[in-house]
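Novice: sequence-free structure coming up:
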């Protein structure tokens, strides 16, 4: 599966949406980006990147189920094997925990139901 390219406009929009969501929740924190996203946004040395390498604190407010749902729908992933492949690609040393698998499975059932018209 080929990931979509993220240009400066898409990256700014994504970070703005995250900031708006966290502001609504009253969360104050920091996001530090590096790698390709930094090269696109800060140095403008390339037009786009395939992913965003970032460290954020506090991380609990950023890692919620709504974000996972949005990503699953946006990337059109309808199977657990597709999701596991993406996680393995970007986090080879961090397999999905049992809790994460349960959450992702619940979200997949929900998304499939919407896709199927239920």
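Specialist: Looks like it came in fine. Here the structure is a predicted model, which is why all the values come from computation and not from measurement.

Novice: residue ranges of the strands in this protein, please?
Specialist: In the chain, the strands defined using DSSP state E lie at 6-7, 30-34, 48-49, 53-57.

Novice: Quickly run through the sheet partners of the helix or strand of the chain with the lowest mean pLDDT, with directions.
Specialist: When each helix and strand of the chain is scored by mean pLDDT, DSSP states H and E, strand 53-57 comes last, with a mean of 82. Paired strands of strand 53-57, with direction, are strand 30-34 (antiparallel) (DSSP bridges).

Novice: what's the strand it pairs with in contact with?
Specialist: 15, 18, 41, 52, 53, 54, 55, 56, 57, 62 (CB atoms under 8 Å, 6 or more residues apart in numbering). For the C-beta atoms, the positions are set from N, CA and C on the backbone; glycine is no exception.

Novice: still on that earlier bit, of the strands of the chain, which approaches residue 75 most closely?
Specialist: Closest to residue 75 of the strands of the chain, according to CB to CB: strand 6-7, at 12.2 Å.

Novice: Does anything pack onto that closest one? Which helices or strands?
Specialist: strand 48-49 (3 or more CB pairs under 8 Å, 6 or more residues apart in numbering; DSSP states H and E).

Novice: counting contacts, what elements does the strand it packs on pack onto?
Specialist: strand 6-7, helix 8-24.

Novice: one step back: want to try CSV for the strands of the chain, with mean neighbour count as columns?
Specialist: What follows is the strands of the chain, written out as CSV (neighbours: other CB atoms under 10 Å):
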stretch, mean neighbour count
strand 6-7, 18
strand 30-34, 13
strand 48-49, 19
strand 53-57, 13
